[in-house]
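Q: Please find the sequence and the predicted model below.
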Amino acid sequence: MDLRNTDHNGAAVPGHPRPAGWDHDIERLRLAIREMATRDIAPHVGRGELDCVFPDEVRAAMAAVGCFGRTLPVEFGGEGQGLRAFAAQQEELAKVWPTAAVAATWANLSGRLISRYGDAEQREELLPGLVDGTRLGAVAFTEPHGGSDAAGIRTTAIPNGDHWLLDGAKRMIDNAANAAFIVVSARSEQDDVAVRRQGISLFIVHRDDPGFNYQRTYRTLGLRAAGVGWFKLESCRIPQGRMLGESGRGFYQMMDMVEFGRIGVAAICLGMTEASLASATRFLVGRSTFGRLLSENDVILSQVADIRIRLDAARLLTERAAALVDAGIQCQSESAMAKVYASELAVEATAQALHLHGGIGYTDECAVEMHARDAHAFTIGEGTSEVLRMVVGRHEMSKAGTTA
């Protein structure tokens with residue numbers, strides 16, 4: 001297949017070559033992930049959703065094509081690719097099963113923290129298992145008293161000889177049920193509270209550490225097999241060598257990851273919207289009511305067109321932000337815009353696509369029902385839409401201040 005002449009679904013579009021500079025490697029990756037997901041993930045989605053489990057077969061298939069190590073260093077078995085490649089992967093996974101994309105998110109995100117801030121021993125111990133899918137990771141900032149305020153954590157870390165004692169609780173943690181280790185934020189410098197962002201450190205906590213008490217896995221509206229859970233740290237005893245990076249810099253280390261997280265979410269939302277739109281148009285073709293084809297109904301055509309227009313706009317926002325990250329350019333505002341726009345579109349478009357399927361769309365015979373449930377998670381996770389609008393607004397105000 002000539003990759004220059006394909007649409008976003010890989011279908012041939014004669015006479016419409018890709019723009020100059022189109023990345024053929026990313027398009028090949030997109031097709032490879034699409035083929036794997038259709039062949040190796042799709043058959044297990046029904047069981048995964050029903051039993052709220054992430055099947056071993058799915059994990060193995062994803063690991064075999066590099067999903068868990070897409071952005072991780074080659075020397076530890078990763079693919080060493082950038083955020084544009086990761087976004088393409090996430091979009092294709094989400095078309096088939098958004099939960100699979102979430103699992104890939106936390107493997108890559110926890111791995112990026114370890115590869116960037118961990119010491120040689122931490123990298124050698126944890127990264128190979130992340131890449132091959134045998135030891136998935138998670139990242140835990142959110143606490144029972146609040147979510148978006150990452151600087152307002154109450155979990156503490158007190159030095160105790162050659163160990164740390166961690167006390168606190170973390171809630172609504174993606175992949176908590178499946179993770180072999182979790183990167184946890186805690187306030188390690190108790191006297192440094194004048195500036196809330198100071199004094200927070202990151203720690204690598206293993207499930208078998210004394211004092212790690214897993215409480216439960218939530219039954220969620222969507223992403224039912226994502227292992228969203230909560231746990232307590234009750235004088236959780238971990239070795240001194242499990243602090244990740246520099247003491248007191250944990251908040252800034254996590255903020256260094258927000259662009260990755262938000263762009264990844266935006267890409268997942270692109271996949272859900274694309275799949276829902278494709279499902280709706282396939283369903284409508286050939287169907288009629290009152291002697292008129294639904295595919296020729298002006299109202300329906302307008303709805304379909306609106307989703308496509310907004311989807312392409314969301315794609316451009318996401319690709320711009322990913323390209324900026326890959327170029328080493330900070331883009332908190334651009335990544336926030338991509339995430340807000342794509343996630344809100346996913347909620348609206350999946351609901352509209354469900355409606356276009358009629359009654360059958362309300363059943364689990366159609367994947368659009370799953371996508372409509374899953375979409376709501378992404379206007380909340382990785383920064384709520386309200387918080388990210390504040391990020392964008394403050395960025396605009398700061399620009400005005402520099403030109404006044």
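A: Perfect, I can see it now.
Q: what residues are up against residue 54?
A: Residue 54 makes contacts with 48, 99, 100, 103, 178, 225, 226, 227, as judged by C-beta atoms under 8 Å, 6 or more residues apart in numbering. Where C-beta positions appear, they are placed from N, C-alpha and C, glycine not excepted.
Q: The fourth one: helix or strand, and which one exactly?
A: Same thing as residue 103. helix 98-117 (DSSP states H and E).
Q: Just give me the closest of the contacts of residue 54 to residue 372.
A: residue 99 (14.4 Å; C-beta to C-beta).
Q: Wait, that closest one touches residue 228, no?
A: No - between residue 99 and residue 228 there is no contact, the gap being 10.3 Å when judged by C-beta atoms under 8 Å.
Q: if you count what's nearby, which of the two comes out ahead?
A: Neighbour count, other C-beta atoms under 10 Å: between residue 99 and residue 228, residue 99 has more, with 28 against 25.
Q: Check the gap between the more buried one and residue 62 for me.
A: To residue 62, residue 99 is 11 Å away according to C-beta to C-beta, to the nearest Å.
Q: can you pull out the strands in the stretch 1-150 of the chain?
A: 137-140 (DSSP state E, counting those that start in this stretch).
Q: Could you list the low-pLDDT ranges of it?
A: 1-22, 147-150 (pLDDT under 70).
Q: can you map out the helices along it?
A: For the stretch 1-150 of the chain, applying DSSP state H, counting those that start in this stretch gives helices covering 24-36, 42-51, 56-64, 83-96, 98-117, 120-131.
Q: same for the second one, what does it pack against?
A: When contacts are defined as 3 or more C-beta pairs under 8 Å, 6 or more residues apart in numbering; DSSP states H and E, helix 42-51 sits against helix 56-64, helix 367-375.
Q: What residues sit buried inside it?
A: For helix 42-51, a neighbour-count test (16 or more other C-beta atoms under 10 Å) marks 44, 45, 48, 49 as buried.
Q: between those, which is nearest residue 286?
A: For the buried residues of helix 42-51, the nearest to residue 286 is residue 45 (25.9 Å; C-beta to C-beta).
Q: Excluding covalently adjacent residues, which one is nearest to that closest one?
A: In space, and not counting its chain neighbours, residue 45 is closest to residue 97: 4.8 Å by C-beta to C-beta, 6 or more residues apart in numbering.
Q: next one: residue 216
A: residue 229 (6.2 Å).
Q: measure that neighbour to residue 223 for me?
A: Computed with C-beta to C-beta, the distance linking residue 229 and residue 223 is 12 Å.
Q: the more surrounded of those two?
A: Higher neighbour count among residue 229 and residue 223: residue 223, with 26 against 22, using other C-beta under 10 Å.
Q: what sits against the more buried one?
A: So residue 223 contacts 98, 99, 102, 174, 374, 377 (C-beta under 8 Å, 6+ apart).
Q: helix/strand/coil for it?
A: Secondary structure for residue 223, judged by DSSP: H, G, I helix; E, B strand; the rest coil, is coil.
Q: Read off the pLDDT value for it.
A: Residue 223 carries a pLDDT score of 96 in this model.
Q: Tell me how far it lies from residue 48.
A: Applying C-beta to C-beta, the value for residue 223 to residue 48 is 11 Å.
Q: Between the two, which contacts overlap?
A: residue 99.
Q: Neighbours of the closest residue to residue 51 other than its chain neighbours, how many?
A: Closest residue to residue 51 apart from its sequence neighbours, by C-beta to C-beta, 6+ apart: residue 225 at 7.7 Å. Counted with other C-beta under 10 Å, residues neighbouring residue 225 total 27.
Q: mind giving me the domain split of the chain?
A: Annotated domains of the chain cover 7-135, 138-251, 257-398 [automatic domain parsing].
Q: Identify, from the contacts of residue 54, the entry nearest to residue 395.
A: Nearest to residue 395 among these: residue 226, at 30.5 Å, using C-beta to C-beta.
Q: surely that closest one meets residue 97?
A: No - at 10.3 Å, residue 226 and residue 97 do not qualify as touching, with contact defined as C-beta under 8 Å.
Q: how close does the residue nearest to residue 51 sit to residue 58?
A: According to C-beta to C-beta, residue 225 stands 9 Å off from residue 58.
Q: what do those two both touch?
A: Shared contacts of residue 225 and residue 58 (C-beta under 8 Å, 6+ apart): residue 48.
Q: give me every residue that touches residue 166.
A: Residue 166 neighbours (C-beta under 8 Å, 6+ apart): 155, 156, 157, 184, 186, 203, 205, 211, 233, 235, 236, 238.
Q: Are any of those buried, and if so which?
A: By 16+ other C-beta under 10 Å, these give 155, 156, 157, 184, 186, 203, 205, 233, 236, 238 as buried.
Q: Dump the helices of the stretch 1-150 of the chain into JSON lines; add distance to residue 278 as well.
A: Shown next, in JSON lines, are those (distance: least, C-beta to C-beta, whole Å):
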{"stretch": "helix 24-36", "distance to residue 278": "12"}
{"stretch": "helix 42-51", "distance to residue 278": "14"}
{"stretch": "helix 56-64", "distance to residue 278": "22"}
{"stretch": "helix 83-96", "distance to residue 278": "8"}
{"stretch": "helix 98-117", "distance to residue 278": "15"}
{"stretch": "helix 120-131", "distance to residue 278": "31"}
